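K.L.:
After the sequence you'll find the predicted model.
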Amino acid sequence: MSAGGTGTKHLLVRNHNFRALMVSSTFGVLGNAVAAVALPVIAAVELDASNFEVAALAGMTFLPWLLFGLAIGVWVDRLPRRPVMLASLAARVVVLALLPLGYWLGFLSTPLLFAAAFLAGIASVFFQLADAALVQQAVTPDELMEGNGLITGSGAAADAAGRSVAGWLTTMAGASNTLVVQLATSVVSLIAIQRLDVKEIVQPHTERRILHDMWAGLRYTFSTAPLRAILLNAALWNLGGNIAASLLVLLVLRTLGESEVWLGFLLAAASAGGAVGGITAHSMGERFGSGPLWRWSMVPGVFGYASLLMLTPGWGMLWGVLGMFVMGASIAWNIVVGSSFRQRVCPPGMMGRLGAASRTVSWGMLALASLLAGVLAETLGIREAVLIGVLIASLAPLVALVGPLRGVRRLEDLVEAPGPHLGTPEKGLGTSGRA
């Protein structure tokens, strides 16, 4: 492990491996933010896709988590993570380059758009699981909250910048041409990853079948009360919240008749809130306790999503800008606390499978939410579908407030975690986390 110590210097200064990971992550998020705005605008404006197609498109990048997440998690644990990240970034560049090329040469179509989003999603599964495993090995356990907060904050700031720029660029240069920005940021991420110098901990090669290791990852994910509570909370939020988020393009462009610029402002506000949340998560956890911060974080987030129901053309869009900012900060606090806890307790050889299993459930909800959003928009209407999403999202903080972690002040004290074979707790861990 290359942690860089715990001196008085800032984590970014004293730890060059963390610095490389943060640069890679930040530029990756910047490019993804541009693509997140450009892809649905390509469908809605350039290809005149149906409401269902526009909403369902958002789920294509998350569908691979449902289909392949567990298997990819096994491979990430068996392989060195740095080469996996480099290969996945290169694959994503090639796939997304097909879209502006198709626009220029006249073969861009809705099926190609869906296929590109799906293949880019597969590459993202590899990248994000390997990235989370390397963060765990690049810092010490006591630096996880600080490191995750910095990565979340810088990523959210990059997301805000990317979505703001994308909203303007799609209007000025066209949505397909805007994807060129995403390709450039991927190159920067590639360069940063090449600078990593972490002595990786990789699962020893065994004769066990992939299905055996996939099942071990699932068992581990549901093995303790804290892990189960964090997963259920995230799954409910992603299901409800992404119904609303998947319909944002349709709500702004078709229902309200506003431009892509306002769409960019709304998305950027959520990301700006995420930057504030990520930067302040460590200090708020120290002041109020990571437990209360995790339990209460999504309460204002629900009201943030509910502000979308108040949107009206013109200055009435500002309600949504404020609400999305609040929502972004809320979810950042929740993510930093939950991610840090999982990284703190999980053995390095299990990290890929834990990340895969938890995201298969929680991020798989994003794919299902997009499909459900499309169906609801076609059958009930766009605003009605957003309302249903907000109601489902409100179950997430309710579960956190009344669930098994309702009285816990510091989640980091719940450090019981079964060993790699799920037989005994890891050496040196406590005994207070099991249900």
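P.N.:
Received, thanks. Numbering: from 1, shown residues only.

K.L.:
Tell me, how many residues neighbour S50?
P.N.:
Neighbours of S50 under the rule other C-beta atoms under 10 Å: 15. C-beta: built from backbone N, CA, C; applies to glycine.

K.L.:
Kindly state the pLDDT recorded for it?
P.N.:
Note on S50: pLDDT of 87.

K.L.:
How much space separates it from E260?
P.N.:
Using C-beta to C-beta, to the nearest Å, S50 is found at 19 Å from E260.

K.L.:
for N15, same thing?
P.N.:
To E260, N15 is 39 Å away according to C-beta to C-beta.

K.L.:
cool, and D131?
P.N.:
Using C-beta to C-beta, one obtains 30 Å as the distance from D131 to E260.

K.L.:
contacting residues for the residue nearest to the spatial centre of the chain?
P.N.:
For the chain, the residue sitting closest to the mean C-alpha position, by C-alpha atoms, centre = their mean, is W363 at 7.8 Å. Residues near W363 by C-beta atoms under 8 Å, 6 or more residues apart in numbering: F62, W65, G69, N238.

K.L.:
ok, 6 Å please
P.N.:
With contacts taken as C-beta atoms under 6 Å, 6 or more residues apart in numbering, W363 has the following neighbours: F62, W65.

K.L.:
got the contact list for stretch 305-313?
P.N.:
Taking contacts as C-beta under 6 Å, 6+ apart, the residues outside stretch 305-313 that touch it are A244, L256, M317, W319, G320, G323, M327, V386, V390, A393.

K.L.:
Any buried residues in that stretch, and which?
P.N.:
Using 16 or more other C-beta atoms under 10 Å as the test for burial, stretch 305-313 gives Y305, A306, S307, L308, L309, L311.

K.L.:
pLDDT of that stretch, averaged?
P.N.:
Mean predicted confidence for stretch 305-313 is 93.

K.L.:
centre of the chain versus that stretch, how much separation?
P.N.:
Mean-position distance between stretch 305-313 and its chain equals 24 Å (C-alpha atoms, centre = their mean, to the nearest Å).

K.L.:
mind showing which ranges of the stretch 301-435 of the chain have poor pLDDT?
P.N.:
Confidence mapping of the stretch 301-435 of the chain against pLDDT under 70 gives the ranges 415-435.

K.L.:
Please disregard the earlier target; I meant the stretch 51-200 of the chain.
P.N.:
The model of the stretch 51-200 of the chain has pLDDT under 70 over residues 200.

K.L.:
All the helices of it, residue numbers only.
P.N.:
Here the stretch 51-200 of the chain has its helices, by DSSP state H, counting those that start in this stretch, at 51-60, 63-78, 81-105, 110-138, 144-172, 175-194.

K.L.:
can I get those in CSV with distance to S290 and mean neighbour count?
P.N.:
Shown next, in CSV, are the helices of the stretch 51-200 of the chain (distance: least, C-beta to C-beta, whole Å; neighbours: other C-beta atoms under 10 Å):
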stretch, distance to S290, mean neighbour count
helix 51-60, 31, 24
helix 63-78, 25, 23
helix 81-105, 26, 19
helix 110-138, 17, 22
helix 144-172, 7, 23
helix 175-194, 29, 20
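
K.L.:
mind checking which of the ones you listed is nearest G355?
P.N.:
In terms of C-beta to C-beta, the element of the helices of the stretch 51-200 of the chain nearest to G355 is helix 110-138, at 4.8 Å.

K.L.:
Give me the angle between the closest one and helix 175-194.
P.N.:
Put simply, helix 110-138 runs at 20 degrees to helix 175-194, going by axes from the mean of the first three to the mean of the last three C-alpha atoms, to 10 degrees.

K.L.:
For helix 110-138, name the packing helices and strands.
P.N.:
Packing partners of helix 110-138 (3 or more C-beta pairs under 6 Å, 6 or more residues apart in numbering; DSSP states H and E): helix 16-41, helix 51-60, helix 63-78, helix 81-105, helix 351-362.

K.L.:
Nearest to I210, out of the ones you listed?
P.N.:
Nearest of the helices and strands packed on helix 110-138 to I210, taken as C-beta to C-beta: helix 63-78 at 5.1 Å.

K.L.:
ok and the closest one relative to helix 110-138, angle-wise?
P.N.:
Here helix 63-78 runs at an angle of 30 degrees relative to helix 110-138 (the same axes, to 10 degrees).

K.L.:
what does helix 63-78 rub up against?
P.N.:
Under C-beta under 6 Å, 6+ apart, the answer for helix 63-78 is 121-122, 125-126, 129-130, 203, 210, 213-214, 217, 352-353, 356, 359-360, 363-364, 367.

K.L.:
Since that was my last question, I'll sign off now.
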